[in-house]
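**Student:** model the following, please.
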Amino acid sequence: MKRQIRKILSVLVVGSSFIFSSLIYSDAGIIPYIIQKNNNKTYVNFLLSVEKRSGKNVVTDFGGGGKGNQKDTAAKEGYEETMGMFTVRNANDLLKKKKAGVASLRERIQFGCGNKNYKTYFVNVTDKMGKRGRAEIVKGLSKRLAKLKVYKKFKGKTYAPYREKRGFVWLSKKELTNVINNNLDISCQVLSNFKYKKNLGAVMTKTPENLKLYWRLRDNLKSVLSKIKSIK
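**Tutor:** Next comes the predicted model:
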């Protein structure tokens, strides 16, 4: 009898904790970065995204809100907004391999900064670069984005979370620090006008813009700066 009571109580505890965790809503995001060495010098570069805010294109991290703790939210949002670039080989597998892809990205999260309102986590993706340069990564992301934009026409709303970005940009440690400290504009190419051609697939055009850095939590910038400086 006692054993049965213990089993019932354990089930109730596990069940209630699961329900409680599913009710938690948090805001968080990620910044992927790479560390490269050349001529005995170390270079750190951060990948940021371009999205629309209040009718204007801005540069920001890969983040948003979702159920679960902040690290879970950061992994989910990061996976969706980078379109599985660092965890899934083929964009066609985004939905099928989402659970594994999110888990893989969560394991790669190294450290975060911020508070309970919003937290930014840094993810080292240097090993995912291979022989590809930074431009190749942006090209790969752009191709996925263009393809997913086109999916809207024949795949319904299932890919909606993966179509939030308009472009991507790499900033060096020095550039990002300078932009944050001095509130400078960021010059980059923004994707636009997605079309689908039978033999070419998704075709995109680019327009140059000078964009402002946008942070979901402005107070978070100081802690972001301290983490940027600590990466060597």
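**Student:** what is the burial count for the closest residue to M83 other than its chain neighbours?
**Tutor:** Take M83 and drop its neighbours on the chain: the residue closest to it by CB to CB, 6 or more residues apart in numbering is R144, 4.3 Å away. (C-beta placed from N, C-alpha, C; glycine too.) When neighbours are counted by other CB atoms under 10 Å, R144 registers 23.
**Student:** ditto for L191
**Tutor:** 19.
**Student:** same question for Y214.
**Tutor:** Neighbours of Y214 (other CB under 10 Å): 17.
**Student:** from Q36, how far off is it?
**Tutor:** From Y214 across to Q36, the span is 27 Å (CB to CB, to the nearest Å).
**Student:** over to T73?
**Tutor:** 29 Å.
**Student:** R163 contacts K147, doesn't it?
**Tutor:** No: judged on CB atoms under 8 Å, R163 makes no contact with K147 at a distance of 9.9 Å.
**Student:** hang on, the earlier thing: which element is the residue nearest to M83 on?
**Tutor:** Here R144, judged by DSSP states H and E, is contained in helix 134-151.
**Student:** helix or strand right after that helix?
**Tutor:** With DSSP H and E, the next secondary element past helix 134-151 is strand 167-172.
**Student:** partners of that next one in the sheet?
**Tutor:** Applying DSSP bridges, strand 167-172 is found paired with strand 41-53 (antiparallel).
**Student:** report the inter-axis angle for the strand it pairs with versus helix 134-151.
**Tutor:** 20 degrees (axes from the mean of the first three to the mean of the last three CA atoms, to 10 degrees).
**Student:** how about the residue nearest to M83, what does it touch?
**Tutor:** 83-85, 91, 162 (CB atoms under 8 Å, 6 or more residues apart in numbering).
**Student:** need the pLDDT of it.
**Tutor:** We have a pLDDT of 84 for R144.
**Student:** what's the answer for the one 3 residues further on, then?
**Tutor:** At K147 the predicted local confidence, pLDDT, stands at 78.
**Student:** cool, the one 5 residues further on as well?
**Tutor:** According to the model's per-residue confidence, K152 sits at a pLDDT of 60.
**Student:** for the one 3 residues further on, same thing?
**Tutor:** Predicted confidence (pLDDT) for K155: 56.
**Student:** these two touch, right, I231 and F122?
**Tutor:** Yes: between I231 and F122 there is a contact at 7.1 Å, judged by CB under 8 Å.
**Student:** what is in contact with the two at once?
**Tutor:** By the contact definition CB under 8 Å, 6+ apart, I231 and F122 are jointly contacted by Y33.
**Student:** for these two, indicate the residue with more neighbours.
**Tutor:** Between I231 and F122, F122 has the larger neighbour count (other CB under 10 Å), namely 22 against 15.
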